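Student: I would like the atomic coordinates for the input below:
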Amino acid sequence: MDKRTRIAAMAAILALSSPAAAQQATPPAAAGQKPVCIAPDARRADRMSWFNGFDPSDDLLSAWCRIQTLPGQKLRFNVLFRSTQVHRSWDTSFEGGTLPASRIVEIIQSLLPTKDGPVAGEDGMEFHRVLLNVVQLGAERTPGGRILGFPSIHPASRELFLSEPIQLRVKPVVLAGHPFALTVNLTPNLGALALGLQGQATDVVLQGWKGRMDAGNRFTGKCSAAIPYCEKLGEVVSFHAPWLVSGVTLEAEGENLTAVAASIMTQLGSSQSAFMKGSNPLAGFNAKSGKGSLTLTDGASTMRMEAQGGPGGTNRIVINWSVAEREGALYKRLDEIYTAFRNASKPKPDPKVMAPDSLGRL
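Tutor: So this is what the prediction gives:
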């Protein structure tokens, strides 16, 4: 299989496009089929493990494969576009069979309009607004302010990508006998995009209707700042979605969660003791008030657990794994890859030519 996996929308996904269908369970794999959905093992002895094997190097497909390993007959799965705050949920279970990695791309594609239609769906969500965050690499910068500025002679200057982060959410995930909600945040990464465009990483490709994009003035034909090379775009436009996992969070609320909080802190401390200050994971936890915190770090990423308390003890637990943007070694390397890719086609300065002296020597 080619390293570059171009995954576009297919007609079969249209069944998911209505809110009514969205409420139905995701169908299991057909009998006899064994769709592949395998996330790479990113564990290292010198690195702290994230929940369920999640890692900052995970792309959308790897994150989806890890989510499918979660047990539970009745799960609620939600996709949220974090900038526009539009989302949709499905009732599902992953115990009836593993779905292919491409399924998550089909699900997300089903939310994005590829033709003219109502501004809002039956559920009131305006998914068309997501397409306003599609930007061309030849643009000066993204809507969020990230500098692009690919020169017009660069082969990738006319490529488009979605600059909006996304969130995958699943509940319940049971820990220490209590249900939690799992949130996986994915952020577009330009280094990952550069690798995908060069065939060195998965390249997720989505489609959207040009009429909902910031593609310029339809009457004058003038292109926009976001898509400066709009002249040859068709009515249905393909764009890249280079999402990488930027954080994972587990959250739970309820009364008298003190024992749950203490149990999880103890498990985290014992399994990741090499990355903990001190030897007692409960040193920062007050069993009477139900309040406390635990922080683990390996220098590249951080896990922070916080227990919030009330009159009845702990009433809220938040566990977060994250990596500081542009500080981790992975992000620095991706930034270097992106910069090198962007500068690859910049004109090189003319070499200095020395005039010969009176004897014709240089």
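Student: From now on I want contacts and neighbour counts done on CA atoms only, so please keep to that.
Tutor: OK.
Student: Could you check how far residue 223 is from residue 115?
Tutor: Taking Cα to Cα, to the nearest Å as the measure, residue 223 falls 20 Å from residue 115.
Student: Have a look at those two and say which one is more surrounded.
Tutor: residue 223 (16 against 13; other Cα atoms under 10 Å).
Student: okay, now the nearest residue to residue 140 once chain neighbours are set aside: neighbour count?
Tutor: Leaving aside its chain neighbours, residue 140 sits nearest to residue 149 (4.5 Å; criterion: Cα to Cα, 6 or more residues apart in numbering). The tally of other residues near residue 149 (other Cα under 10 Å) stands at 16.
Student: do the same with residue 238
Tutor: 20.
Student: looking at this, it is in a helix?
Tutor: No - judged by DSSP: H, G, I helix; E, B strand; the rest coil, residue 238 forms no part of a helix; its state is strand.
Student: who does it bridge with?
Tutor: As for beta bridges, residue 238 partners with residue 207 under DSSP bridges.
Student: Wait, it touches residue 204, no?
Tutor: No - Residue 238 lies out of contact with residue 204 (Cα atoms under 8 Å); the separation is 10.2 Å.
Student: Point out where the chain drops to low pLDDT.
Tutor: 1-35, 96, 324-328, 345-362 (pLDDT under 70).
Student: domains of it?
Tutor: Per automatic domain parsing, the structural domains of the chain span 50-179+187-245, 254-322.
Student: how about these in JSON lines, adding distance to residue 40?
Tutor: Listed next are the domains of the chain as JSON lines, based on distance: least, Cα to Cα, whole Å:
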{"stretch": "domain 50-179+187-245", "distance to residue 40": "7"}
{"stretch": "domain 254-322", "distance to residue 40": "18"}
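Student: closest to residue 341 out of those?
Tutor: Residue 341 lies closest to domain 50-179+187-245 among the domains of the chain, at 6.4 Å (Cα to Cα).
Student: Distance across that closest one, terminal residue to terminal residue?
Tutor: End-to-end span of domain 50-179+187-245 (Cα to Cα): 11 Å.
Student: Same check on stretch 321-331?
Tutor: Termini of stretch 321-331 sit 16 Å apart (Cα to Cα).
Student: Can you tell me the SS state at residue 107?
Tutor: Per three-state DSSP, residue 107 ends up helix.
Student: Look up how far residue 79 lies from it.
Tutor: Distance from residue 107 to residue 79, by Cα to Cα: 9 Å.
Student: can you pull the contacts of residue 49?
Tutor: Applying Cα atoms under 8 Å, 6 or more residues apart in numbering to residue 49 gives the contacts 43, 55, 272.
Student: Looking at those residues, spot the one nearest residue 94.
Tutor: Scanning these for proximity to residue 94, where the rule is Cα to Cα, the winner is residue 55, at 20.8 Å.
Student: Doesn't the closest one belong to a strand?
Tutor: No - Residue 55 is assigned coil when assessed by three-state DSSP, not a strand.
Student: What is the neighbour count of it?
Tutor: Applying other Cα under 10 Å, we find 27 residues neighbouring residue 55.
Student: Now the closest residue to residue 289 other than its chain neighbours. Its backbone dihedrals?
Tutor: Setting aside the residues directly before and after it, residue 289 is nearest to residue 313 in space (Cα to Cα, 6+ apart), at 5.2 Å. The phi and psi torsions at residue 313 (degrees, to the nearest 10) take the values phi 100, psi -160.
Student: How many residues are close by residue 313?
Tutor: When neighbours are counted by other Cα under 10 Å, residue 313 comes out with 21.
Student: So that it lines up with my notes, have the first residue be 13 from now on.
Tutor: Right, with 13 as the first residue, what we last looked at is residue 325.
Student: Tell me who's in contact with it.
Tutor: If you count contacts by Cα under 8 Å, 6+ apart, then residue 325 has 267-270, 299-303 around it.
Student: swap in residue 94?
Tutor: Contacts of residue 94 by Cα under 8 Å, 6+ apart are 176-179.
Student: Any chance of the residues you listed in TSV with neighbour count as columns?
Tutor: Below are those laid out as TSV (neighbours: other Cα atoms under 10 Å):
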residue	neighbour count
176	23
177	22
178	24
179	19
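Student: With secondary structure as extra columns, can I get those residues in a markdown table?
Tutor: Listed next are the contacts of residue 94 as a markdown table, based on three-state DSSP:
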| residue | secondary structure |
| --- | --- |
| 176 | coil |
| 177 | coil |
| 178 | strand |
| 179 | strand |
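Student: Looking at the residues you listed, spot the one nearest residue 148.
Tutor: So of the contacts of residue 94, ranked by how close each gets to residue 148 (Cα to Cα), first place is residue 176, at 13.2 Å.
Student: Would you confirm that that closest one contacts residue 200?
Tutor: Yes - proximity of residue 176 to residue 200 meets the contact threshold set by Cα under 8 Å, at 6.8 Å.
Student: got the contact list for residue 302?
Tutor: By Cα under 8 Å, 6+ apart, the contact list for residue 302 reads 269-270, 319-322, 324-327.
Student: how close does it sit to residue 296?
Tutor: 11 Å.
Student: Not counting its neighbours along the chain, what's nearest residue 189?
Tutor: Nearest non-adjacent residue to residue 189 (Cα to Cα, 6+ apart): residue 272, at 7.7 Å.
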